[in-house]
Structures are given as C-alpha cells and as structure tokens.
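Novice: 3D, please:
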Amino acid sequence: MEKLRALRDRGVDPYPARPGPREPIGAVVARHSHLGEEARSGEVVGIAGRLVALRRMGRAAFFDLRDGSGQIQVRASSDGLGAEGYEDLSSADIGDFLSFRGEVFRTKKGELTVEAAAWSRLAKALRPLPEKWHGLKDVELRYRHRALDLISNAEVREAFVRRSRMVAAMRRHLDERGFLEVETPILQSIAGGATARPFVTHHHTLDVDLYLRVAPELYLKRLIIGGLERVYELGRNFRNEGVSTEHNPEFTTLEIYEAYSDYEGMMALAEGLVAAATQAATGALQVPYQGVELDFSPPWRRVGMEEAVQEATGIAVRRRTAEEIRADAARSGIEIPPSSRGKAIERLFEEKVEPALVQPTFVLDYPIDISPLAKRALGKDETVERFELFVAGMEVGNAFTELNDPLDQRERFEAQERLRAGGDEEAQRVDEDFLFALEHGMPPTGGIGFGVDRLAMLLTNSRSIRDVILFPTLRARRDA
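Specialist: Numbering: from 1, shown residues only. You can find the predicted model right below:
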C-alpha cells in the first residue's frame, strides 16, 4: 500500500488501461530456441506478464516474467534503463504485472533472456503470492482461492488446459457427425430426467417454485420429437446431494440424443467420442491414473449387470424377488435395507462390482424399477436396455434405448410418484408436458449422458472432482 501511494503521489497510474505492443512469451521462446550460449538475436521484442521471481545483483537484476503461454528471464540494468528507471523497476514486487521491450539473447548459463531497454508497470499487486519454492499446498486455500492455485502450481494449470482440450474435442467429434448443440432450461417447473434430489427456488413475479435442473433429458427428447434428430447439450446440472471426491452439487454433463438409434449405437458413439477426447487431451489412448494405466482403445469390455453381480457375490439375482435377494445377501454378510428388487441388485453392484471395474467397461441391462426412462429389453419384462460406462471404479456415462411408448412412460412416472409419496426424495414426478409431446410420437432413439468432470479426473490423473472444477462448491468460510 505504501508503494501504491508513492506511485500515485508521483502521478504514476499503477493500473494503466493500455498494455502497449506485446507478443506471447511462448512465441518468443519458441522462435529463439536455436540461439547458442552468449549469442544475441538482433531482434527487439515486446513482452508482458506477471513477475514471479527477482534476483538483484548490484547494478543489474534478473526478473522471471510469466504469461499464459510461458516464462522468460529479463535482464535489467542501470546502463540499459538509466539510473532512475532501474531504481524504479527495482522497487517492483513479486506478483506485479510488467511489460518490457528489448533484444533477445542467451546468457553464458544458457538462459534465454530479454535485455530490457524500456519497461512499464501494468498492474500493482497488493498481496504477496504463495511462497515460490513450496507452491500452494493448503487444499482448502487452493479450492477457495483458485487464482492463487493457478499461479503457484503448473500442474493445476495444465490440468485445466487438458480439460478444455477434452471438451473442445467432444464438441468437435459431435459437430463433425451432424449433431446440433442446443440449450434447454436450467430453471424447470418439474425436476425430471434423473432420480435425484433437486435444489428449489422461487420466482416472485410468477409466484411459482422452480427447480435447478437435475438433467436436461426430457427437454432434449422433446427436440427429437420435434424433428431435430441429432442433438446434444453440454452444460451444468445441480443436485442437492452429498459432496465427495466424485460428487459436487453443480457439475457438467454432456447429454446426446440420436433418432433411429439405440443403446448399441450409443456404445459405438461413446467409444469413438471418449477415444477422441482422450487423444486430444493427452496425446495418447493409454493414460496413467492413480497408479494404473487406463487403456481407452476401443472396443471396450461389455458385461451384464446381473451376471456381474452374481460373479462377484455368488448371489443369484436373475428372476429373484427383492426379499430373496436380501435374504441371500444377509447370509453372505451384506445388509440391504428394504427396497425394490432393482434397488437391491443396485446395492450389491455398487458394493461388490463397481470398485473392481478399472478398465473402460459397459455394464448392460438394468432392472426396470431403477430405470424409468429406458425401453424394456425384448422378452424381459423386468429389464431395460440401459448401460453405464465405468472406468477406475467410477460411473462416467449412462445410456438408454429411450422409452418412446407414452402409456408405458406414464405408468413408470406414476410408479415413481408412489415411491415419492413413500418418502423417496429422489424419485421422479409425472411430467405432463413431456407426456403430451411424447403422445405425438417419438422415433426409436438412443441417448447417453457423460459426467464431464469425472472424465476430466481420469485424463488429468486427479483423485478428486474438486481438482477439475475451477470453483467447486465449498462450505461457507468461518472467519475467526
């Protein structure tokens, strides 16, 4: 603050609006990478960035300047800047933004350097940056003050660059195949499309309660009904549920719907889409994750849900009632609370199968009562054509052959309403507007949703979802 006041007393603007001519530091470094030791380029460049290190040596000083593309050393001296200019520059603090103009050369120690012939101050930092050599390690501080995390930790910056490349590749893959990106409401009168507890808010002018969407599914299907036969939406969903290394209350999904397709078509789409995103983000299809190597090369393993549960537990679940499954589970030391047949199978799957699904695996054919929006499997009244994609013990994708029978859909919704009346806050409700649209006819359709944050975890070797969300949801800070 004292330095800031001194600058203003001298008539110097500490936060000028115009940065002046500059080029990315990364481009300067790349263009002069061929320079040998003590060689001079003869080229004068303009650069700007944050001061991240300063070493004073009498009448000369060396500055490390960083922008979003790279870092370079700057040498400043009283000979090049004049005594007054050099003294003024020497008062700069780590964290200040500065610009320099000068010739590029390489020092005797091999460091690419800009010889400062002119400089200007672009923005004065008022707080010190985290200690340089140890970086920012406090997890709470890293998530709450992501700007400091990005400044201090190169691997964090690289993780979010990878995420951005991944998302861009997913969009590109779909666009090239004729899919149309669309936007659907985030504020919804009914929170449908997924079994989840929603956030509720109130619109004062309309005097109605609204919900932050838990999924865009029912709106995207209306677009299929309307004739937009290949659509996708990449955006935020919100679920008022627990927080863990795999869950954040607001998260990003990619939902895709294709007319005249089914869940087999969605498996092929998933393999191509994820492989393309992995290649774009990491440069390979084999990716290290928490001590194992994940291989995203298609084709991926496929296994039936009931088959996987029986193989892992020894408990037969096919054509068994919920009571029979619970009794067998209890004899094996697995307690399952009273629930539907599908919920009992799902509980066994989550406990005994899911953690062992390390390599990309499609788990197929789910119980109907936990899949109210999927089409029945042919000849199997209790099973639907649904799959989930698991990698490293996490669900990454969820897909259906979409239910397009409006009468069957109404019955499923009503069954969900009965669960809701029994106290299940995650159960879905009857959506009359969606049923009205469905009654006008929807072609056979395949649909899939991807957890973008979880896929980013895998491609950046991140253990927690908070490491791939720039601003994760945190508990309110309690100041001492």
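
Novice: Could I get the full set of strands for the stretch 351-480 of the chain?
Specialist: Along the stretch 351-480 of the chain, the stretches classed as strands by DSSP state E, counting those that start in this stretch are 361-367, 376-377, 380-391, 394-401, 445-451.

Novice: Buried ones in the last one, by neighbour count?
Specialist: Okay, so that is strand 445-451. Thr445, Gly446, Gly447, Ile448, Gly449, Phe450, Gly451 (16 or more other C-beta atoms under 10 Å). Placement of C-beta: from N, CA and C, glycine included.

Novice: And for stretch 322-330?
Specialist: Ala322, Ile325, Arg326, Asp328, Ala329.

Novice: Just the CA trace of that stretch, in PDB.
Specialist: C-alpha atoms of stretch 322-330 as PDB (Å, rounded to 0.1, in the frame of the first residue of the first chain):
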ATOM      1  CA  ALA A 322     -36.300 -58.400  -3.600                       C
ATOM      2  CA  GLU A 323     -36.900 -60.500  -0.500                       C
ATOM      3  CA  GLU A 324     -35.000 -63.500  -1.800                       C
ATOM      4  CA  ILE A 325     -32.100 -61.300  -2.800                       C
ATOM      5  CA  ARG A 326     -31.900 -59.600   0.600                       C
ATOM      6  CA  ALA A 327     -32.100 -62.900   2.400                       C
ATOM      7  CA  ASP A 328     -29.200 -64.400   0.300                       C
ATOM      8  CA  ALA A 329     -27.200 -61.200   0.800                       C
ATOM      9  CA  ALA A 330     -27.700 -61.300   4.600                       C
END
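
Novice: tell me how far it is from the chain's mean position?
Specialist: Centroid displacement of stretch 322-330 relative to its chain, using C-alpha atoms, centre = their mean, to the nearest Å, is 38 Å.

Novice: contacting residues for the nearest residue to Trp300 once chain neighbours are set aside?
Specialist: Leaving out its chain neighbours, the residue that sits closest to Trp300 by C-beta to C-beta, 6 or more residues apart in numbering is Pro360, at 4.2 Å. Applying C-beta atoms under 8 Å, 6 or more residues apart in numbering, we find Pro360 in contact with Val274, Leu294, Asp295, Phe296, Trp300, Arg301, Leu389, Phe390, Val391.

Novice: Tell me the pLDDT of Pro360.
Specialist: Looking at Pro360, its pLDDT is 98.

Novice: Quick check: it vs Val12, distance?
Specialist: In this structure, Pro360 and Val12 are 58 Å apart, going by C-beta to C-beta, to the nearest Å.

Novice: buried stuff in the lowest-mean-pLDDT helix or strand in the chain?
Specialist: Counting by mean pLDDT, DSSP states H and E, the weakest-scoring helix or strand in the chain turns out to be helix 139-144, with a mean of 84. By 16+ other C-beta under 10 Å, the buried positions in helix 139-144 come out as Arg142, Tyr143.

Novice: All set, thanks.
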